[in-house]
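J.: can you look at this prediction? I've put the sequence above it.
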Amino acid sequence: MRQILKGGEPFFFPGDEVGCLLTHGFTATPQEMRGLGEHLASQGRTVLGVRLSGHATDVRDMTRSRWQDWIASVEDGYQLLEDYCSKIVLIGFSTGGAISLYLAHTLPTIGVVVISTPHELPSDPRIRLLRPIIRPLSIFYPFNPKGPPDFYDPEAAKARVQYNHYPLRAVPELDTLFLKMQEVLPLLKVPVLFLHSKNDRFIPPEHMNANFDLLGSVDKSRILVERSNHIITCDTAREQVFKAVSDFAERISGKRE
Amino acid sequence: MIRSGGQPFFLPGGPFGCMLIHGFMCSPKEIRWLGTHLNEAGFSVLAIRLFGHATIPKDLYRARFQDWIADVEDGFTFLHHQCSKLVAIGRSMGGALALIAGAKLKIDGVVTIATPFNLPTSFRDRGLKVLIPLMQLIGMGQRSMMRSPFTHDLDAILPIDRLSYASFPPRTLLEVNALFAEMQRILPYVSVPTLLIDGETDQEGYPGSTSQILDHLRAKRAKLMRVKPSFSRDIRNQEQERISAAIIQFVTSLSGS
């Protein structure tokens, strides 16, 4: 029996000197980044999709996860990619985007792609109400079931590999991570591309705008896609997302004027 | 944040891949010499970082042995993409993980360096199973730290500056014990060629020494090699080269099979 869920393994596709470090989102797995990774690899890039600590194994592992563990998982990936590539682009989806932005402050990256990333915890009234007591509450009520995967594309919903519960203990960790991200945003200088869906029912595009406005970089751009819910790397607009990311990687790595 | 120098490393090379696994409380830095030698011989080398290591000792409190097995699976996926043959090489507790990989994953050979069959009796005392949860109950679990009880005469060949923790939370001892129990359980399923490297005088330190691993292995092509360590700097380099040469020869011999 393997520890890691089938289909949720990390992936590495060797290619040229431009390395793309892909980071998945909260309670998800590298599966949601694989399509994007395969596209970037087909364009010649080197691609590493990391697995965050506590993810893609058992949801109970996430009650032990701290935000620093997730940072360390991406740092590990950065190090391995750096031994292979001279230029590295950090590409993160949702929580992975927050980690990528946070690390862009300390690691010498050439650019960051931020996909469907929240500015803070979702404005779900339950989260707002429970936030002060969520840590003690998580001892008695550790997991809250998720709804079924919500996609425009039914095939994407079928292919999804993820946990079916939210671990309550990890919510304050997320909160801290978003605060840390907000702290470094004004300090960043590298090019950043934001991608979000107009129809994101989970994290509305206002989150992207708040991050965009706070960001210090001069070279920053944002793209809104349509007909997709939160997970735009797998939903109907995925081809548009893939192309936007690969164009951005080519531009900032100097492969295209 | 990972301590500088304690990051995992990747040395790209030929179609033979070597995955290096460091020991308990240590970091990939302790086996960089081996990675360099193997890479010079033409192999691709990946040295992984185990969860909770090379950051702060307190992180070990949250580690479970399953996390470490998942880290090995990550490393396997990373190398598997680009290598036709794969060998897992572990030092001390890393050797136990390498053996578990040998039983569970599609790899072609296992090398252990200074891996015991058991921990010293006092550290696998049944009393600890009661004492440690009791310490946690009265709030001593996270604050109290143990000095390292583990020494092996082969430690003499490791670099002095190897980013090892000086102490660890007692809770982790239960995980190390559980990992060795898991290793003992899977030994009869390890059928790939195995090379066990051990010190000459280890029987004194560990009653359950490496030779007991040999007795339990299913592998027909298993070999025990004994090395005489020394604390003198010149001899350390010589012994490192000797061990590296033996491993290179072992990996090369797999190409015929």
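T.: Nice, thanks for sending it over. Numbers count the residues shown, from 1 in each chain, chains lettered A, B, ... in the order given.

J.: in chain A, mark out all the strands, start to finish.
T.: A:11-13, A:18-23, A:46-50, A:87-93, A:111-115, A:143-145, A:165-167, A:192-197, A:220-225 (DSSP state E).

J.: what angle separates the fifth one from strand A:192-197?
T.: In other words, strand A:111-115. Put simply, strand A:111-115 runs at 10 degrees to strand A:192-197, going by axes from the mean of the first three to the mean of the last three CA atoms, to 10 degrees.

J.: and stretch B:72-91, end to end?
T.: 13 Å (CA to CA, to the nearest Å).

J.: any chance of the strands of chain A in JSON lines, plus mean neighbour count and mean pLDDT?
T.: C-betas here are computed from N, CA, C, even on glycine. As requested, the strands of chain A are exported to JSON lines (neighbours: other CB atoms under 10 Å in any protein chain shown; pLDDT from 0 to 100):
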{"stretch": "strand A:11-13", "mean neighbour count": "21", "mean pLDDT": "96"}
{"stretch": "strand A:18-23", "mean neighbour count": "28", "mean pLDDT": "98"}
{"stretch": "strand A:46-50", "mean neighbour count": "26", "mean pLDDT": "97"}
{"stretch": "strand A:87-93", "mean neighbour count": "27", "mean pLDDT": "98"}
{"stretch": "strand A:111-115", "mean neighbour count": "27", "mean pLDDT": "98"}
{"stretch": "strand A:143-145", "mean neighbour count": "12", "mean pLDDT": "92"}
{"stretch": "strand A:165-167", "mean neighbour count": "19", "mean pLDDT": "94"}
{"stretch": "strand A:192-197", "mean neighbour count": "26", "mean pLDDT": "97"}
{"stretch": "strand A:220-225", "mean neighbour count": "17", "mean pLDDT": "96"}
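
J.: quick one: those as TSV, columns for distance to B:R147 too.
T.: Output for these, formatted as TSV (distance: least, CB to CB, whole Å):
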stretch	distance to B:R147
strand A:11-13	38
strand A:18-23	37
strand A:46-50	34
strand A:87-93	39
strand A:111-115	42
strand A:143-145	37
strand A:165-167	34
strand A:192-197	46
strand A:220-225	50
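
J.: and the residue of the stretch 151-257 of chain A closest to chain B?
T.: For the stretch 151-257 of chain A and chain B, the shortest gap (CB to the nearest CB) falls at A:R169, measuring 11.1 Å.

J.: that residue: how many residues sit nearby?
T.: Neighbour count of A:R169, defined by other CB atoms under 10 Å in any protein chain shown: 19.

J.: and for A:T63?
T.: Neighbours of A:T63 (other CB under 10 Å): 16.

J.: could you find the closest non-adjacent residue to it?
T.: A:R169 (4.4 Å; CB to CB, 6 or more residues apart in numbering or on different chains).

J.: how about the residues of the stretch 51-200 of chain B near chain A?
T.: By the rule CB under 8 Å from any CB of the partner chain, the part of the stretch 51-200 of chain B lying against chain A is B:51, B:55, B:59, B:62, B:64, B:66-67, B:69-70, B:73-74, B:77-78, B:81-82, B:104.

J.: switch the cut-off to 10 Å
T.: Taking CB under 10 Å from any CB of the partner chain, the part of the stretch 51-200 of chain B that reaches chain A is made up of B:51-56, B:59, B:61-64, B:66-82, B:104-105.

J.: which residues of the chain fall in helices?
T.: Just going to use chain A. Listed in chain order, the helices of chain A (DSSP state H) span A:31-42, A:67-82, A:95-104, A:125-130, A:134-140, A:154-159, A:170-184, A:206-214, A:238-252.

J.: if you could check chain B rather than the one you did, that'd help
T.: Going by DSSP H, chain B shows helices at B:32-40, B:65-80, B:93-104, B:126-137, B:171-186, B:202-205, B:210-216, B:233-254.

J.: who wins for proximity to A:L80 among those?
T.: When the helices of chain B are ranked by distance to A:L80, counting by CB to CB, first place goes to helix B:65-80 at 7.0 Å.

J.: now do that closest one: distance to the chain's middle.
T.: 13 Å (CA atoms, centre = their mean, to the nearest Å).

J.: ok, the residue nearest to A:T63 - contacts?
T.: A:M62, A:T63, A:R64, A:S65, A:R66, A:I134, A:R135, A:L137, A:S138, A:I139, A:P142, A:F143 (CB atoms under 10 Å, 6 or more residues apart in numbering or on different chains).

J.: who wins for neighbours among these?
T.: A:M62 (25 neighbours).

J.: pull the contacting residues for it.
T.: A:26-27, A:52-55, A:69, A:142-143, A:163, A:165-170, A:173.

J.: lowest-confidence helix or strand of chain A?
T.: helix A:125-130 (a mean of 83; mean pLDDT, DSSP states H and E).

J.: for the contacts of A:R169, give me CSV that also has distance to B:D215.
T.: Putting these into CSV (distance: CB to CB, whole Å) gives the following:
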residue, distance to B:D215
A:M62, 40
A:T63, 39
A:R64, 36
A:S65, 39
A:R66, 41
A:I134, 51
A:R135, 49
A:L137, 51
A:S138, 46
A:I139, 45
A:P142, 43
A:F143, 44
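
J.: ok, these vs chain B, which is closest?
T.: A:R64 (4.4 Å).

J.: tell me how far that closest one lies from B:V176.
T.: 17 Å (CB to CB, to the nearest Å).

J.: cool, A:L107 as well?
T.: 32 Å.

J.: between the two, tell me which one has more neighbours.
T.: Neighbours were counted for A:L107 and for B:V176 using other CB under 10 Å; B:V176 has more, 22 against 17.

J.: not counting sequence-adjacent ones, nearest residue to the residue of the stretch 101-250 of chain B found nearest chain A?
T.: Closest contact between the stretch 101-250 of chain B and chain A, by CB to the nearest CB, is at B:K104 (6.8 Å). Spatially, and ignoring its direct neighbours in sequence, B:K104 is nearest to A:R2 (6.8 Å; CB to CB, 6+ apart).

J.: A:R128 and chain B, how far apart?
T.: 28 Å (CB to the nearest CB, to the nearest Å).
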